[in-house]
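Student: need a 3D model of the sequence below.
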Amino acid sequence: MKNTIFFSLLALGLATAACAQKKEAYKADQKSVETSLKFLTTDELKGRMPGTPEMDLAAKYLEDIFVKNSIKPYFATYRDTLSNYDKPAYNIIGYLEGNDPKLKNEFVIIGAHYDHVGLGQAVNGDNIYNGANDNATGTVTVAEMVNYFGKAKSNKRSILFCFFSAEEQGLLGSYHLAAKLKQQGFDLYTVLNFEMTGAPLGSGTEQIAFITGYGRSNMADKLNEYAGKRIVGSNAFEMQYQLFRASDNYPFFVEFNIPSHTLSTTEMTVFPYYHQPDDEFEAMDTAHMTAFINQMIPVTEKVVNAPTKEIVLKK
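Tutor: Numbering: from 1, shown residues only. Alright, predicted model coming up:
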């Protein structure tokens, strides 16, 4: 009887410990989101123009996030120097090897561009285009993914975390990297790119985000399946202006012919600050951002850990 009680208590203790560990899995909190967002949008960074000392500060901040989470450089350093820009500019690239002996040879790219347009024409005396929604918010979304996977190490496939530079100059950072990886024989499964996640889509829709190039693959369907509800859909503005071609997902589609999409939560027809000095931290809904990130983390994990390449292009 005593042995039975002992082993019952031991089993209960192990189960309790396992539950405690599960509860301790990283979850984005609003304070963390706001800390990174405030840094990236401060006036001291002068709008994060590639090739400037201020942009270098942003790059260093993102490198530090990799270091704190034990994310390794994929190349010799975290800095992937652009070959198609006339000043020193860098993608910031981190690598987390997968834990499955076979699937770790395949990669998922999780990315966002961290640059903006720098200084411009003054509006009400303000000439700093801080680029909070475009695209400090997407950058913070990826940074929080780094925080999660860096701690959980739950990824069966390998992940390349990419902070792209010179998106605003014509997707230069992603074009450079896509061509470079293609030349190296990189086995790329899919790309999840994040852009403008600081404002909610608004009422009238159950989805929390739209996907660019909705009809090109089954990614939206799979993300909704993984979420257990409809969180991603199409968007009329996106289709009208072909936003699929306008963000850093596109060069990887061109080079690899694989599902490569951008996710955004901002309804562009009503967001008033696109490429304006008023696109600042104070205009962002950080509670919404945090909720979006925490919904996307488990969905992204299921993308990375799918037993086969379930996300495919439509014929």
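Student: what segments of the stretch 151-300 of the chain are helices?
Tutor: 172-183, 219-227, 236-240, 250-256, 286-305 (DSSP state H, counting those that start in this stretch).
Student: could I get those as CSV with mean pLDDT, distance to Ile211 and mean neighbour count?
Tutor: In this view, the C-beta of every residue, glycine as well, is placed from N, C-alpha and C. Shown next, in CSV, are those (pLDDT from 0 to 100; distance: least, CB to CB, whole Å; neighbours: other CB atoms under 10 Å):
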stretch, mean pLDDT, distance to Ile211, mean neighbour count
helix 172-183, 98, 17, 22
helix 219-227, 98, 5, 19
helix 236-240, 95, 8, 14
helix 250-256, 98, 13, 21
helix 286-305, 98, 12, 20
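Student: format the ones you listed as TSV; extra columns: distance to Tyr114.
Tutor: Output for the helices of the stretch 151-300 of the chain, formatted as TSV (distance: least, CB to CB, whole Å):
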stretch	distance to Tyr114
helix 172-183	9
helix 219-227	23
helix 236-240	22
helix 250-256	16
helix 286-305	16
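Student: of these, which is nearest Glu144?
Tutor: Among the helices of the stretch 151-300 of the chain, helix 286-305 comes nearest to Glu144, with 4.8 Å by CB to CB.
Student: check the offset of the closest one from the chain's centre.
Tutor: Chain-centre distance of helix 286-305: 10 Å, with CA atoms, centre = their mean, to the nearest Å.
Student: who does it touch, helix- and strand-wise?
Tutor: Applying 3 or more CB pairs under 8 Å, 6 or more residues apart in numbering; DSSP states H and E, one finds that helix 286-305 contacts helix 30-41, strand 107-113, helix 137-152, strand 188-194, helix 219-227.
Student: now the ones you listed in TSV, with distance to Glu167?
Tutor: Formatted as TSV, the helices and strands packed on helix 286-305 follow (distance: least, CB to CB, whole Å):
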stretch	distance to Glu167
helix 30-41	14
strand 107-113	3
helix 137-152	10
strand 188-194	10
helix 219-227	20
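Student: looking at the helices of the stretch 151-300 of the chain, which is nearest to Lys46?
Tutor: helix 172-183 (18.8 Å).
Student: touching that closest one from outside, list them.
Tutor: 80, 82-85, 89, 91, 93, 111, 113, 115, 162, 164-167, 188, 248-252, 254-256 (CB atoms under 8 Å, 6 or more residues apart in numbering).
Student: could you rerun that using 7 Å?
Tutor: With CB atoms under 7 Å, 6 or more residues apart in numbering as the test, helix 172-183 has contacts from 80, 82-85, 91, 113, 162, 164-167, 188, 248, 251-252, 255-256.
Student: now stretch 229-243
Tutor: So stretch 229-243 is in contact with 206-212, 214, 220, 223-224, 263, 268-269, 295, going by CB under 7 Å, 6+ apart.
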